[in-house]
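K.L.:
return a 3D structure for these sequence lines:
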Amino acid sequence: MIRYKLYQNRNSNSNTNGKWYARAVCEETYDTEKLASHMSSHSSPFSAGVIHGVLKDMIACIKELVMDGKNVKLDDLAIFSAGLRTLPANSPEEFTASANIDSVRLRARSTGVFRSSVLTREAKTKQFSQYTVGEGSEVEMP
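P.N.:
Numbering: from 1, shown residues only. You can find the predicted model right below:
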């Protein structure tokens, strides 16, 4: 269930000023250890400790491969790759990595059952809290 909160655009320079939108709400973040424990509770023959070790090794390998310029695809989840944020140069001759590459980013593009079109079709949503119109305050939903 994807929970959301409503918010109002209050940017006076925007042509959508005053319009209402939804934002997804994250109630909890699972770290690697908690994910391993959750996975082991799904009738797995492997302990949370074994799963945690495999996940830690997988993370290290994904980092190693992405840092070597490879894409790593986890079927039905995401394709991980490196991306660059760069600054412009006037010509190819004036471009240098030290001056024009601002940062390296981790990219994760959804794939398979996690593609946006599939998630949009299959996800269930529920309002997490409700805004009291005109007051800008929130009232938590039970």
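K.L.:
in three-state terms, label the residue of the chain most remote from its centre for me.
P.N.:
Farthest-out residue of the chain from its mean C-alpha position, per C-alpha atoms, centre = their mean: residue 93, at 36.5 Å. Secondary structure assignment for residue 93 (DSSP: H, G, I helix; E, B strand; the rest coil): helix.
K.L.:
next, the spatially most central residue of the chain: phi, psi?
P.N.:
Using C-alpha atoms, centre = their mean, the residue of the chain that lies closest to the mean C-alpha position is residue 108, 7.6 Å off. When read as degrees, to the nearest 10, the backbone of residue 108 gives phi -130, psi 110.
K.L.:
what do you get for residue 14?
P.N.:
According to degrees, to the nearest 10, residue 14 has phi -100, psi 140.
K.L.:
residue contacts, the nearest residue to the residue nearest to the centre of the chain once chain neighbours are set aside?
P.N.:
Using C-beta to C-beta, 6 or more residues apart in numbering and skipping the chain neighbours, the partner closest in space to residue 108 is residue 78 (4.3 Å). (C-beta placed from N, C-alpha, C; glycine too.) Listed by C-beta atoms under 8 Å, 6 or more residues apart in numbering, the contact partners of residue 78 are 108-111, 114.
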